[in-house]
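> My questions are about this predicted structure, shown below with the sequence.
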Amino acid sequence: LVKAAREIFSILDGFTMSVAERQGMKKGRLKLMAITTASYFAPRLLGEFSRLYPGIEVTLRVTNREKLLASMADNPDDLYILGRPPEDIDVVATPFMENPIVVLAPPGHPLAGKKNISLQRLAQEPWLMREAGSGTRIAIEKLFASRGIELSPRLELGSNEAVKQAILSGLGISALSSHTLALDQAGQFAVLDAEGFPIMS
């Protein structure tokens, strides 16, 4: 019954969108789901979209990668914004923005200002990581694993903002998307010049 209901709603949504297209994008609905990193730039993009198409009702749900992938399997939304497309779900992926992952430390950290810091040296620092399943964490662990280095996080935190606050509190270093720095003051964090970083996705 749930599967049939989803198919019916999908057909109705498709019909609504086709009518909206005939009306010149004057009316309709756009449902998006995005990973937490996208919350730093998606609202700006959607603001511009809403100014261009004021009759389109836009909804944006922000969550972590694991929940987004679970939702994507059921396909209730129109678009999904994430750093790496899933490999086990049949999707069409269109890159539209670079997402550089950089190593962050508090401004007075001993490694701030050093050049080409090795991954071995970085691994000696206490690491603050997003939760297991986070796209950022997967990218970091993949880079270190490619050099045979295992990271043992000092703390696991459930949001980018929590990681940033822990860095500023001196609890350790981390790597996050540079987009997460969009609202911070210049110089609030030291971006370390580290081997293999930025990780681009």
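Right, received. Where do you want to start?
> For residue 182, see how far away the residue most central in space within the chain is.
Nearest residue to the geometric centre of the chain (Cα atoms, centre = their mean): residue 37, 3.4 Å. Computed as Cβ to Cβ, to the nearest Å, the residue 37 to residue 182 distance reads 10 Å. Backbone N, C-alpha and C define where each C-beta goes, glycine included.
> Check residue 195 too.
For residue 195, the distance to residue 182 - Cβ to Cβ - is 25 Å.
> of those two, who's got more company?
Just comparing residue 195 and residue 182: by other Cβ atoms under 10 Å the higher neighbour count belongs to residue 195, 14 against 10.
> thinking again about what came up before, wait, the residue nearest to the centre of the chain sits on residue 178?
No - between residue 37 and residue 178 there is no contact under Cβ atoms under 8 Å: 9.7 Å.
> contact partners of the top helix by length along the chain?
The single longest helix within the chain, with elements called by DSSP state H, is helix 2-22. The contact list for helix 2-22 (Cβ atoms under 8 Å, 6 or more residues apart in numbering) reads 26, 27, 28, 29, 56, 74, 75, 76.
> For those, work out which two are farthest apart.
26 and 74 (29.1 Å; Cβ to Cβ).
> Which one's more surrounded, these two?
When neighbours are counted by other Cβ under 10 Å, residue 26 and residue 74 differ, and residue 26 comes out ahead with 13 against 10.
> if we can go back for a sec, can you name the residues that contact the residue nearest to the centre of the chain?
With Cβ under 8 Å, 6+ apart, residue 37 has these contacts: 83, 99, 135, 136, 160, 176, 177, 179, 180.
> hmm, which of these are the buried ones?
Buried residues within the contacts of residue 37, counting neighbours by 16 or more other Cβ atoms under 10 Å: 83, 99, 135, 136, 160, 176, 177, 179, 180.
> With secondary structure as new columns, can these be given to me in CSV?
Below are the buried ones among the contacts of residue 37 laid out as CSV (DSSP: H, G, I helix; E, B strand; the rest coil):
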residue, secondary structure
83, coil
99, coil
135, helix
136, helix
160, helix
176, strand
177, strand
179, helix
180, helix
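> can you list those residues in CSV and add pLDDT?
Listed next are the buried ones among the contacts of residue 37 as CSV, based on pLDDT from 0 to 100:
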residue, pLDDT
83, 82
99, 87
135, 83
136, 87
160, 88
176, 93
177, 91
179, 89
180, 88
